[in-house]
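K.L.:
sharing a sequence plus its predicted fold:
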Amino acid sequence: HHTGSVGVTGSNPVSSTFFSPWPLWSRVFAYFAAPCTGFRLALQNSESLVSSVADEDGYAPVSIPSFLSAIHDLTALFEGVVMRLLRTSLTITALTGALAVGLSGCSEPSEDPNAGIGAAGDDTVLTIYTSEPEEKVDEINAAFEKEHPDIQVEVYRAGTGDLKARIESERESGQVEADLMWAADAPTFEGLKSEDLLAELKDVDTSSVMEEAVDPEGYYVGTRIIPTVIAYNTDVIEESDAPESWVDLTDEKFRDKIVLPDPSVSGAAAFNATVWMNNEELGESWVEGLGQNSPMIAASNGPTSQEIAGGGHPVGIVVDYLVRDLAEQGSPIKEVYATEGSPYITEPIGVFANSEQQEAAEKYITFLLSEAGQKLAVEQNYLPVIDGIDTPGDAPGLDDIELMDTDLETLTGDRDRSVESFEKAMK
């Protein structure tokens, strides 16, 4: 067999890997890492087709994104395991050749082809775990890096539940391998805080941020207001027949016409379930009434909005910014802020306690809360968390939206029971 290096034109890839003069560990590493390059090339084109409809939990409304997400998770997991093994058993000198070949294929692509995760020359590299939609977070990162050219931002995207599982797995095997967590709702961050996984924010000014979005103890802060609304397909449902309240969704005329996100997947949906279950006007009886109308349960908010816009289920429960996104693209969809009020999340962000880049991480948070950062959020169809910034398009002002408030202790402590009861009622 050929005994040259991996990747020589015309050589059998298995033969050239296992019969090269490299040490055995490097041949095994290269054999498993090299195929990741092919995965990445195929995924780049596929992802571009679906990233525009991914929601705040990182899900898109077709089966392909689930496959893509799984591939990303597997490659990321592989990289993490290999890196930990190599750190403990090999010297840096021995690693150089194999890492250059292997991780260049498996790492997430970046704008700078010479930059890798955690290694960008003299620049500081921030790693963020987030459920933000890819297109939106890429736009934010580009604006931040323009303002802070000495800081590069790397992103790992997934649904809130998957992010929590990843954090727990990394914690058990050593430490969390990210600097920032930016995801759905305050109860998620209360859980991280209670496990001493978050650092107290030392140099982030939250004085202009609405009180409901600020952690009183200073470990995290909300970055935008995301209410959940009723949405309907305007080609199928006349405005006069559209639901105006949560109670309206229990009307028999909407049987088999409703779609909503799965609270076991979506952090926002889990938050909503807890709010509804503990609301005096709604409560468990309303949840059971909704379930009697046999709603479709979609993976998360992204596919929910697409199902409404496509007319398969012309009425649904979904986060408001996705409705505006689709309406701008020409879809026949309109949002209704329910008369009883809207549950809302604040998409908090916090710094992991083990981060060695807290100063840079706090600069990132400060940018999100700045006037420029909030205006960019509004351009992306979010509602701002600071005063003096207009809301997007024809969206009502925050003062004109009735928001459903539930105390944080209930939201955190009753979450599991509420989600379980909600899911049982939907079956």
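P.N.:
Looks like it came in fine.
K.L.:
can you give me the pLDDT of Lys164?
P.N.:
Per-residue pLDDT puts Lys164 at 92.
K.L.:
that one is in what secondary structure piece?
P.N.:
Under the criterion DSSP states H and E, the helix or strand holding Lys164 is helix 160-173.
K.L.:
what is that helix packed up against?
P.N.:
Judged by 3 or more CB pairs under 8 Å, 6 or more residues apart in numbering; DSSP states H and E, the packing partners of helix 160-173 are helix 63-89, strand 124-130, helix 186-194, helix 267-277. For every residue, glycine as well, the C-beta is placed using N, CA and C.
K.L.:
please repeat the previous calculation with a cut-off of 6 Å.
P.N.:
For helix 160-173, not one helix or strand is in contact under the criterion 3 or more CB pairs under 6 Å, 6 or more residues apart in numbering; DSSP states H and E.
K.L.:
tell me the buried residues in that helix?
P.N.:
Thr160, Gly161, Asp162, Leu163, Lys164, Arg166, Ile167, Glu170 (16 or more other CB atoms under 10 Å).
K.L.:
and if you look at stretch 133-149?
P.N.:
For stretch 133-149, using 16+ other CB under 10 Å, the buried residues are Pro133, Glu134, Lys136, Val137, Ile140, Asn141, Phe144, Glu145, His148.
K.L.:
ok so, going back, partner strands of the helix or strand just after the helix holding Lys164, parallel or antiparallel?
P.N.:
Remark: after helix 160-173, the chain's next helix or strand is strand 180-182, criterion DSSP H and E. Using DSSP bridges, strand 180-182 pairs in its sheet with strand 124-130 (parallel), strand 348-352 (antiparallel).
K.L.:
can you get me a residue count around the closest residue to Thr346 other than its chain neighbours?
P.N.:
Nearest residue to Thr346 in three dimensions, chain neighbours excluded: Gly222, at 2.7 Å (CB to CB, 6 or more residues apart in numbering). When neighbours are counted by other CB atoms under 10 Å, Gly222 registers 25.
K.L.:
coming back round to it: please state the offset of the helix holding Lys164 from the chain centre?
P.N.:
Centroid separation between helix 160-173 and its chain, computed with CA atoms, centre = their mean, to the nearest Å, is 14 Å.
K.L.:
now do it against strand 124-130, angle only.
P.N.:
Using axes from the mean of the first three to the mean of the last three CA atoms, to 10 degrees, the direction of helix 160-173 lies 120 degrees away from that of strand 124-130.
K.L.:
what's in contact with helix 160-173?
P.N.:
Residues outside helix 160-173 that contact it (CB atoms under 6 Å, 6 or more residues apart in numbering) are Asp57, Tyr129, Ser131, Val176, Glu177, Ala183, Ala184, Val265, Gly267.
K.L.:
so where's the protein uncertain?
P.N.:
1-121 (pLDDT under 70).
K.L.:
give me the nearest residue to the residue nearest the centre of the chain, chain neighbours excluded.
P.N.:
Among the residues of the chain, the one closest to the centroid is Ser131, at 0.7 Å (CA atoms, centre = their mean). Once flanking residues are discounted, Ser131 sits nearest to Ala183: 4.4 Å by CB to CB, 6+ apart.
K.L.:
which residues does the one you found contact?
P.N.:
Neighbour list for Ala183: Ser131, Thr160, Leu163 [criterion: CB under 6 Å, 6+ apart].
K.L.:
tell me, how many residues neighbour Pro392?
P.N.:
Around Pro392 there are 19 residues (other CB under 10 Å).
K.L.:
ends of stretch 375-395, what's the gap?
P.N.:
End-to-end span of stretch 375-395 (CA to CA, to the nearest Å): 14 Å.
K.L.:
so what touches that stretch?
P.N.:
Applying CB under 6 Å, 6+ apart, the external contacts of stretch 375-395 come out as 136, 143, 208-210, 213, 222, 224-225, 321, 324-325, 374, 397.
K.L.:
max pairwise distance over those residues: which two?
P.N.:
Checked with CB to CB, these reach their widest spread between Ser208 and Asp325, with 26.6 Å between them.
K.L.:
who's more crowded, the two?
P.N.:
More crowded of Ser208 and Asp325, by other CB under 10 Å: Asp325, with 23 against 14.
K.L.:
which SS class is that one?
P.N.:
What DSSP: H, G, I helix; E, B strand; the rest coil gives for Asp325 is helix.
K.L.:
next up, the contacts around it.
P.N.:
Asn381.
K.L.:
against Gly393, how distant is it?
P.N.:
Applying CB to CB, to the nearest Å, the value for Asp325 to Gly393 is 11 Å.
K.L.:
circling back to that earlier point, ok, so of the buried residues of stretch 133-149, who is nearest Gly310?
P.N.:
Pro133 (18.9 Å).
K.L.:
ok, the nearest residue to Ile128 once chain neighbours are set aside to Ser266 distance?
P.N.:
Using CB to CB, 6+ apart and skipping the chain neighbours, the partner closest in space to Ile128 is Leu180 (4.5 Å). Plainly put, Leu180 is 21 Å away from Ser266 if you go by CB to CB.
K.L.:
cool, and Gly174?
P.N.:
From Gly174 to Ser266 the distance is 29 Å (CB to CB).
K.L.:
cool, and Gly310?
P.N.:
Counting by CB to CB, the separation of Gly310 from Ser266 is 19 Å.
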